[in-house]
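> give me the fold of what follows.
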Amino acid sequence: MLKQRLFYFILILTLTCCKKPYNPPVIASSASYLVVEGVINSGSDSTTIKLSKTVNLNAQTTVNPLPGATVVVESDQDGRWPLMDDNNGSYTSPGLNLPATGNYRIHITTSGGSQYVSDYQPIKATPPIDSIGYTLNGNGVNLYVNAHDPANNTHYYRWEYNEAWIFHAKYDSQYMLDPVTQTIVYRPTSSQVYFCYGNDASSNLLLTSTAKLSRDVVYQSPLTTIPFNSEKLEFNYLIYVKQYALTADAYNFYLNMQKNTEQLGSIFDAQPSDLQGNIHNMANAAEPVVGWISVTNVQIKKAFVASQVVPAGTVTTYPGECSADTALYVGHGGGNDVLNDLIDPPLTDLPISDINPTGTKIIGYTYSDLTCTDCTLRGKIAPPWFWK
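Numbering: from 1, shown residues only. Below is the predicted model of the structure:
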């Protein structure tokens, strides 16, 4: 019995004391590769190409934009359309209205002189979006998109979306600091910070293929799911969907990227595969470049979801914990040092309502921290550009 206990003791000691962290070389690799995102929009809508560089797995930042490059759309018929640099890694042009007979590519020259080009691609026409709808399940709203191509030529689809919603802070701050008099005053309507618009964009790859169907019809392809208790559904919610047609090669590229980024984590998931895009370094074809440039027009549709879809009695969940406290003037159980916390910079709290038991004189205020009283920390007072 003693030997058995000694064996287990040594085993436990070995397992707990002899672990060494494994840091594969790829984590600290100094290699950084070009990432190209976007579509050459052949129609009247704008074209935006985003350039960035990959970052190490142990890097403190996940975004590494690449400004200062020269980006030009080129045709195999000698046409050239330069894109404007916004100095933050995005390159944009108004509607190009490209001739349907040409093939087109992106030509990138970085600030360091490296040149990259995508393969020439024909224009792939995108059919309109038929509708955006939703179904209800026990926990929330499932949004989907319908589309079809009567010419039976599309077969491969990709979607992106922006979403926006109205939300409010946990508490309605009825008072504010007057920056001139440094006193607490009643908050005018023009300075309200209770209602705001939140917005976000799709982060997953949304793909569908109809290549194996007898008709080129997309039926209820999933976009996103919103829980009933989300603040997105407390008032009006809007989804703004963009649809792109893909070639078979482009679809396979995005499908591999989807598997590599969204379907890894268990032994039953797809194994990582090499992403072969259609963008190349002109001086070094072996250099990896992440991205695929398609040439197509974009089709857009939006839809509202009203709060009436939420079951009665649902309690909206807000981020973070919020509680209110009181600050009273001297002589009413408080001190100036307590009240000064509400008016001395840097401001960390906002008064919510006054404490006025007699109806004649305010003796203090209820208050809470900014995250619970100022909606502009998470949104904006003005609606996003696609709201109307």
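
> just give me the longest strand of this structure.
Secondary structure of the chain per DSSP state E: the longest strand is strand 156-168.

> what strands line up against the helix or strand just after that strand, and which way round?
On the C-terminal side of strand 156-168, the closest following helix or strand by DSSP states H and E is strand 175-178. Partners of strand 175-178 in the sheet, by DSSP bridges, are strand 183-186 (antiparallel).

> circling back to that earlier point, okay, now the sheet partners of the longest strand of the chain, with direction.
Going by DSSP bridges, the partners of strand 156-168 are strand 195-201 (antiparallel), strand 206-209 (antiparallel), strand 237-245 (antiparallel).

> contacts for the first one?
Right, the one you point to is strand 195-201. 160-169, 231-232, 375-376, 378-384, 387 (C-beta atoms under 8 Å, 6 or more residues apart in numbering). For the C-beta atoms, the positions are set from N, CA and C on the backbone; glycine is no exception.

> any buried residues in it, and which?
Judged by neighbour count (16 or more other C-beta atoms under 10 Å), strand 195-201 contains these buried residues: 196-199.

> what is the mean pLDDT for that strand?
Strand 195-201 carries an average pLDDT of 97.

> figure out how far the longest strand of the chain is from the centre of its chain.
Distance of strand 156-168 from the chain centroid (C-alpha atoms, centre = their mean, to the nearest Å) equals 9 Å.

> just the C-alpha atoms of it, please, in PDB.
Output of strand 156-168 as PDB, limited to C-alpha atoms (Å, rounded to 0.1, in the frame of the first residue of the first chain):
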ATOM      1  CA  TYR A 156     -21.700  31.300 -55.900                       C
ATOM      2  CA  TYR A 157     -22.700  34.000 -53.400                       C
ATOM      3  CA  ARG A 158     -21.100  36.000 -50.600                       C
ATOM      4  CA  TRP A 159     -22.700  38.500 -48.300                       C
ATOM      5  CA  GLU A 160     -21.600  41.300 -45.900                       C
ATOM      6  CA  TYR A 161     -23.800  43.300 -43.700                       C
ATOM      7  CA  ASN A 162     -23.800  46.400 -41.400                       C
ATOM      8  CA  GLU A 163     -26.300  46.500 -38.600                       C
ATOM      9  CA  ALA A 164     -27.600  49.400 -36.500                       C
ATOM     10  CA  TRP A 165     -30.000  49.700 -33.500                       C
ATOM     11  CA  ILE A 166     -31.300  52.200 -31.000                       C
ATOM     12  CA  PHE A 167     -30.300  51.600 -27.400                       C
ATOM     13  CA  HIS A 168     -30.300  53.600 -24.200                       C
END
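
> how about it: buried residues?
Residues of strand 156-168 classed as buried: 156-168 (neighbour count, 16+ other C-beta under 10 Å).

> also stretch 378-388?
Neighbour-count burial for stretch 378-388 [16+ other C-beta under 10 Å]: 379, 384, 387.

> also stretch 340-348?
Those would be 342-343, for stretch 340-348 by 16+ other C-beta under 10 Å.

> likewise for stretch 299-311?
Those would be 299, 301-303, 305, 310, for stretch 299-311 by 16+ other C-beta under 10 Å.

> make TSV out of these and add secondary structure, pLDDT and distance to residue 69.
Output for the buried residues of stretch 299-311, formatted as TSV (DSSP: H, G, I helix; E, B strand; the rest coil; pLDDT from 0 to 100; distance: C-beta to C-beta, whole Å):
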residue	secondary structure	pLDDT	distance to residue 69
299	strand	97	29
301	strand	98	33
302	strand	97	32
303	strand	97	37
305	strand	97	40
310	coil	96	46
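
> pLDDT of the longest strand of the chain, averaged?
Strand 156-168 shows a mean pLDDT of 97.

> my read: residue 220 touches residue 146, true?
Yes: contact criterion C-beta atoms under 8 Å: residue 220 and residue 146 qualify, at 6.4 Å.

> identify the contacts common to those two.
In terms of C-beta under 8 Å, 6+ apart, residue 220 and residue 146 are both contacted by the residues residue 133.

> I'd assumed residue 347 was in a strand, is it?
No: the assignment for residue 347 by DSSP: H, G, I helix; E, B strand; the rest coil gives coil, which leaves it out of any strand.

> please report how far it lies from residue 365.
Per C-beta to C-beta, to the nearest Å, residue 347 is found 14 Å from residue 365.

> residue 103 now?
Counting by C-beta to C-beta, the separation of residue 103 from residue 365 is 67 Å.

> on that earlier part again, with distance to residue 277 added, can I get the buried residues of strand 195-201 in TSV?
Output for those, formatted as TSV (distance: C-beta to C-beta, whole Å):
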residue	distance to residue 277
196	39
197	36
198	33
199	29
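
> and what about residue 372, helix, strand or coil?
Strictly by three-state DSSP, residue 372 counts as helix.

> got a list of what it touches?
Contacts for residue 372 (C-beta under 8 Å, 6+ apart) come out as 169-171, 320, 322-324.
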